[in-house]
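Participant: Predicted model and sequence below, questions to follow.
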Amino acid sequence: MTQPILSLRGISKHFGGVRALTDVSLDLVPGQVTALVGDNGAGKSTLVKVMSGVHRPDTGQYLFEGREMHVTGPAAVAQMGVQTVYQDLALCDNLDAVQNLFLGREMTGPWWTGFRVSRAAAERRAREVLKRLRLESISLSRNVGAMSGGQRQNIAIARSILWEPKVVLLDEPTAALSHSAAAQVGDLVRELAAHGLAVLVISHDIHHFVLDNTDRIEVLRLGRNAASFASGTVTGEQVVNAMVGGNESINRAG
Amino acid sequence: MALTDTTPAPLPRRSLSERLGNELRFVPVAVGLVALIAFFATQSDVFLTSRNLNNLLVQSTVTGIIALGLVFVLLTGEIDLSVAATSGIAAVLMAKLVVDVGLPIPLAIAAGVACGGLIGAASARWITLIGVPSFVVTLGVGLVLNGIQLLLLPSTGRYNLLNSGVEKLASTNVTGAPAWALVLGAIALFALLRLSTHRSRIAAGLPASATTGIVLPVAIVGALLVGMLLFLQTLRGLPMPVILFLGLLGAMSYIASETRFGTYLYAIGNNAEAARRAGIKVDRIKIAAFAIAGALAAFGGILSASRILGVSVSSGGGVGGGALLLEAIAAAVIGGVSLFGGRGMVVGALFGALIIATVSNGLNLMGVANEARLIVTGLLLVIAVSIDRAIEKLAVPGG
Ligand SMILES: Nc1ncnc2c1ncn2[C@@H]1O[C@H](COP(=O)(O)OP(=O)(O)OP(=O)(O)O)[C@@H](O)[C@H]1O
Ligand SMILES: [Mg+2]
């Protein structure tokens, strides 16, 4: 197996009295799609935010390409080539699609223009990416606040692949999507992995999305690693059991 | 690889109401301004004379410049209640440096403006560091500044600036060739900006229309500026406060709508957490916005001191900011800038300030008493915000 590109070792994180994560470890391998599953409140989003630099863990190691990182924030993680689609999408409703796609990474003119945003260049690049995702129907100059939930989710996904990342983290990317659109996200996820990216997907759709599109399944329960499976070797029931704390012997399988 | 249903939906054309909620946001308030002008023109013969419009324009500049800076803070979803007090203390500091210290006027003005910028930056540093609401901090800062202003004033309670040279800032008028050079230069700059946008769109292979992209906006801006110049030339030419206000307005519009910093202001005002996750240094942007507001407020105060030939206890609107503070906030809000952040245009400060000055000037000419003026201005504020809200609801269903 190839070396993991991003590894977490013994991560713990608490919010006040809530222990969101306890001693969690996770490996993301290039070319593989990893599913992160767990019940509501299991700590999935918190773990993604630790990986994306939004949360600083209380304890534990963050390894990227084999080296330990002292992550200072979201910008540093994006710089390393890790892109995230957050559960809440993290879009600015008063900006249009192009502005959201490039937010924080605007192409600009030189200092004497006051770093004027190069709108045309950005729009051109945005069109390319949306075309690649077959999203030409999305208006580029419309505020994303006026768009449907699915369109917004697609913009967030487009943003994550805009800069040819090495790792993509998707926190429930299909929640607002129709059945066919969700299947297309599944295709995208596998295509990204085929191009050598490491992909992490959170989904509650175990039976279809997770079993069909992922290589490994990592289960979190009450903020701890509960089980780890190779997707081809388990049934949906086994995964769900591990999520809710069913038969312990099954949890150790895989 | 595909993500949506492949129904070939046509590119959705944005409805008028949606555009009114965005780049045409200033249109209703501009229409309101024209209606007010038309109304007062029928009520008073004097209203449309060049002398009166000259006064009206100059009247609007101090409020307008303070509102201009305030817009930057409002866009980030914060508020600065100390802008009027900042304008007062900067004016007093400038006067003290000129009268007591004998500093050259440009240096004294620069010191006043820098002081305003520092006050804004310091308040914002405190707000972002501790996480206290900006209206509380800036309310307190405003009172502190009022106190310091009293301490800085001499025992007479007033610095006289008559014949100090400072009065020239407000009393200078530019006429003839220099005035034309200013106006044509501004139009040329605007045209160049539109042209560069147009050309970069063509270069990127994007749809671009020379008519709506260049010709129309340049024609409108050009007609307004040339019209204003021709009108004011019949009297004394372009008053310096008007030149300064419009120059600042142009610069600030550019910053807010064209630069990366401007985009960040809007992003933070709508969703600060999303901005942070996108790698934007939210605190720094807010500090810069407050610094701009402080510096512009200071400049507005200095301009006001130059107009009224002195500074006193009542510089900066008096204790708490008084009418000056309320009018600056009202100007921004009437101009379509949301108090909740992320919505509005810089040019709104111009329209808002003009509406307030028009109401005050027009009612004055009609012989209406001061109390009626306050009532009308207050009602206009409520009406303007209500119309704005209604348009927003049309633009963003459920928004
Ligand atoms: N910013 C926060 N402040 C306080 N508590 C938090 C915060 N974020 C998460 N938590 C808590 O941490 C725990 C894990 O939350 P998390 O969002 O990671 O769950 P999740 O697995 O993503 O759930 P879901 O499936 O509902 O998205 C929950 O108990 C939650 O209340
Ligand atoms: Mg979650």
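Facilitator: Cool, got the structure. Residues are numbered from 1 along each chain as shown, chains lettered A, B, ... in the order given. Ligands and ions are numbered 1, 2, ... in the order given.
Participant: Where does pLDDT dip in chain B?
Facilitator: For chain B, residues meeting the criterion pLDDT under 70 lie at B:1-14, B:17, B:21-22, B:395-399.
Participant: whoops, the stretch 51-200 of chain A was the one
Facilitator: Checking the stretch 51-200 of chain A against pLDDT under 70 turns up nothing.
Participant: And the strands in it?
Facilitator: Counting by DSSP state E, counting those that start in this stretch, the segments of the stretch 51-200 of chain A that form strands are A:59-64, A:67-68, A:82-85, A:167-171, A:198-202.
Participant: Out of those, the one nearest residue A:43 is which?
Facilitator: Of all the strands of the stretch 51-200 of chain A, it is strand A:198-202 that lies closest to residue A:43, at 10.8 Å by Cβ to Cβ. Bear in mind the C-beta positions are built from the backbone N, C-alpha and C, glycine included.
Participant: Show residues contacting the closest one.
Facilitator: If you take Cβ atoms under 8 Å, 6 or more residues apart in numbering or on different chains as the criterion, strand A:198-202 is touched by A:4-6, A:28-37, A:44-45, A:48, A:51, A:87, A:166-173, A:189, A:192-193, A:209-210, A:213-214.
Participant: Give me the spatial nearest neighbour of residue B:28, chain neighbours excluded.
Facilitator: Nearest residue to residue B:28, sequence neighbours excluded (Cβ to Cβ, 6 or more residues apart in numbering or on different chains): residue B:387, at 5.7 Å.
Participant: element containing that neighbour?
Facilitator: For residue B:387, the element it lies in under DSSP states H and E is helix B:370-395.
Participant: In chain B, which residue sits closest to ligand 1?
Facilitator: Proximity of chain B to ligand 1 (Cβ to the nearest ligand atom) peaks at residue B:273, 10.0 Å away.
Participant: Which parts of chain A are helices?
Facilitator: A:44-51, A:74-80, A:97-101, A:119-132, A:149-161, A:179-194, A:211-213, A:236-244, A:248-251 (DSSP state H).
Participant: so how many other residues sit close to the residue of the stretch 51-200 of chain A found nearest ligand 2?
Facilitator: Of all residues in the stretch 51-200 of chain A, the one sitting closest to ligand 2 is residue A:87 (4.6 Å; Cβ to the ion). Neighbours of residue A:87 under the rule other Cβ atoms under 10 Å in any protein chain shown: 17.
Participant: Report the beta-bridge partner residues of the closest residue to it other than its chain neighbours.
Facilitator: Counting by Cβ to Cβ, 6+ apart, residue A:87 lies nearest to residue A:171, which is 4.2 Å off, once chain neighbours are set aside. Beta-bridge partners of residue A:171, counted by DSSP bridges, are residue A:202.
Participant: Up against ligand 2, what does the stretch 1-150 of chain A have?
Facilitator: Counting by Cβ under 5 Å from the ion, the residues of the stretch 1-150 of chain A close to ligand 2 are A:44-45, A:87.
Participant: Next, find the distance separating the residue nearest to residue A:87 from residue B:101.
Facilitator: Look at residue A:171 and residue B:101: by Cβ to Cβ, to the nearest Å, they are 60 Å apart.
Participant: Repeat that for residue B:121.
Facilitator: 24 Å.
Participant: start to end distance for stretch A:194-202?
Facilitator: 19 Å (Cα to Cα, to the nearest Å).
Participant: Is that stretch positioned near ligand 2?
Facilitator: No. Stretch A:194-202 lies apart from ligand 2 when judged by Cβ under 5 Å from the ion; the minimum separation is 6.5 Å.
Participant: Can you mark which positions in that stretch are buried?
Facilitator: If you call a residue buried by 16 or more other Cβ atoms under 10 Å in any protein chain shown, then stretch A:194-202 has these buried ones: A:197-202.
Participant: Which pair in those has the greatest spatial separation?
Facilitator: Maximum distance among these (Cβ to Cβ): 16.3 Å, for A:197 and A:202.
Participant: Show me what from the stretch 1-150 of chain A comes close to ligand 1.
Facilitator: For the stretch 1-150 of chain A, the residues in contact with ligand 1 (Cβ under 6 Å from any ligand atom) are A:15, A:18, A:20, A:38, A:40-46, A:87.
Participant: excluding its backbone neighbours, what's nearest the residue sitting nearest the centre point of chain B?
Facilitator: Residue closest to the average C-alpha location in chain B (Cα atoms, centre = their mean): residue B:68, at 2.0 Å. Distances taken as Cβ to Cβ, 6+ apart put residue B:349 closest to residue B:68, at 4.4 Å, once the chain neighbours are dropped.
Participant: is it true that that neighbour touches residue B:67?
Facilitator: Yes. Residue B:349 lies in contact with residue B:67 (Cβ atoms under 8 Å); the separation is 4.0 Å.
Participant: quick one: common contacting residues for these two?
Facilitator: Counting by Cβ under 8 Å, 6+ apart, the residues touching both residue B:349 and residue B:67 are B:331-332, B:335.
Participant: Now do residue B:146: how many residues are near it, please.
Facilitator: Neighbour count of residue B:146, defined by other Cβ under 10 Å: 21.
Participant: quick one: buried residues of the host helix or strand of it?
Facilitator: Under the criterion of DSSP H and E, residue B:146 resides in helix B:134-152. Within helix B:134-152, the residues that count as buried by 16+ other Cβ under 10 Å are B:134, B:137-139, B:141-143, B:145-146, B:149, B:152.
Participant: ok, now which ones touch residue 72?
Facilitator: I'll assume chain A. Counting by Cβ under 8 Å, 6+ apart, residue A:72 touches residue A:53.
Participant: Sorry, I should have been clearer: chain B.
Facilitator: Applying Cβ under 8 Å, 6+ apart, the residues near residue B:72 are B:252, B:256, B:265, B:289, B:292-293.
Participant: got a winner among the residues you listed for most neighbours?
Facilitator: That'd be residue B:293 among the contacts of residue B:72, by other Cβ under 10 Å, with 34 neighbours.
Participant: and it, that's in a strand?
Facilitator: No. Under the criterion used here (DSSP: H, G, I helix; E, B strand; the rest coil), residue B:293 is helix, not part of a strand.
Participant: excluding its backbone neighbours, what's nearest it?
Facilitator: Per Cβ to Cβ, 6+ apart, closest to residue B:293 is residue B:69, 3.7 Å.
Participant: Remind me which helix or strand that neighbour belongs to.
Facilitator: helix B:50-75.
Participant: Distance from that helix to the middle of the chain?
Facilitator: 6 Å (Cα atoms, centre = their mean, to the nearest Å).
Participant: can you give me the strands for chain B?
Facilitator: Taking DSSP state E, the strands of chain B run over residues B:158-160, B:173-174, B:238-239, B:310-312.
Participant: can you tell which of those is closest to residue B:51?
Facilitator: It is, among these and with distance given as Cβ to Cβ, strand B:238-239, at 11.6 Å.
Participant: picking that back up, quick one, which of residue A:171 and residue B:101 is more surrounded?
Facilitator: residue A:171 (24 against 10).
Participant: The more buried one contacts residue A:46, doesn't it?
Facilitator: No. Residue A:171 is beyond contact range of residue A:46, at 10.2 Å (criterion: Cβ under 8 Å).
Participant: I figured the residue of the stretch 51-200 of chain A closest to ligand 2 hits residue A:49, correct?
Facilitator: No. The criterion here is Cβ under 8 Å, and residue A:87 misses it with residue A:49 at 9.4 Å.
Participant: re the thing from before, most neighbours among the residues of the stretch 1-150 of chain A next to ligand 1, please name it.
Facilitator: Neighbour counts for these (other Cβ under 10 Å) peak at residue A:44, which has 26 neighbours.
Participant: from what I can see that one touches residue A:38, true?
Facilitator: Yes. With contact defined as Cβ under 8 Å, residue A:44 reaches residue A:38; the gap is 5.2 Å.
Participant: any common contacting residues for these two?
Facilitator: Residues touching both residue A:44 and residue A:38 comprise residue A:220, with contact defined as Cβ under 8 Å, 6+ apart.
Participant: So what's the residue count around residue B:203?
Facilitator: Neighbours around residue B:203, by other Cβ under 10 Å: 12.
Participant: got a list of what it touches?
Facilitator: Residue B:203 neighbours (Cβ under 8 Å, 6+ apart): residue A:120.
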